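*Asks:* sequence-free structure coming up:
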């Protein structure tokens, strides 16, 4: 049976919950519809997060992203909606979603939305010589 789009985000246990580490996922084929014209909008999504107890399962993320293909949405709204759903599913220490939309009418749009868990502070970055 072929795969189907889904709003269900599955998770799995973080294999190293005691460590802050970055998980970076690139989704180059996001599509939704312009809510004004109904024409397709294309974007590359970049998800970066520091997991706490749960990580997002990639196949479910793919099916979730696919579920927006026939939905009308403003860039700002859909980016924040996806972030909210991912935060609800995984409860990360930190999460950033960048949606880099292709040109529409001569205008490029990039939307960056972030979540930070209460009390979480990022580790100090190491600068090597």
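*Replies:* Sure, I can see it. Given the structure is predicted, the values throughout are model-derived calculations rather than measurements. Numbers count the residues shown, from 1 in each chain.
*Asks:* where are the low-confidence patches of the protein?
*Replies:* 1 (pLDDT under 70).
*Asks:* any idea which helix is longest in it?
*Replies:* Longest among the helix segments of the chain by residue count, using DSSP state H, is helix 75-90.
*Asks:* Check which helices and strands that helix is in contact with.
*Replies:* strand 40-50, strand 54-56, helix 58-66, strand 94-104, strand 107-116 (3 or more CB pairs under 8 Å, 6 or more residues apart in numbering; DSSP states H and E). Every C-beta, even on glycine, is put in place using the N, C-alpha and C of the backbone.
*Asks:* Recalculate using a threshold of 7 Å.
*Replies:* Counting contacts by 3 or more CB pairs under 7 Å, 6 or more residues apart in numbering; DSSP states H and E, helix 75-90 packs against strand 54-56, strand 94-104, strand 107-116.
*Asks:* Parallel or antiparallel, which strands does the second one pair with?
*Replies:* When pairing is defined by DSSP bridges, strand 94-104 lines up against strand 40-50 (antiparallel), strand 107-116 (antiparallel).
*Asks:* can the ones you listed go into a markdown table with extra columns for mean neighbour count?
*Replies:* Shown next, in a markdown table, are the strands paired with strand 94-104 (neighbours: other CB atoms under 10 Å):
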| stretch | mean neighbour count |
| --- | --- |
| strand 40-50 | 19 |
| strand 107-116 | 14 |
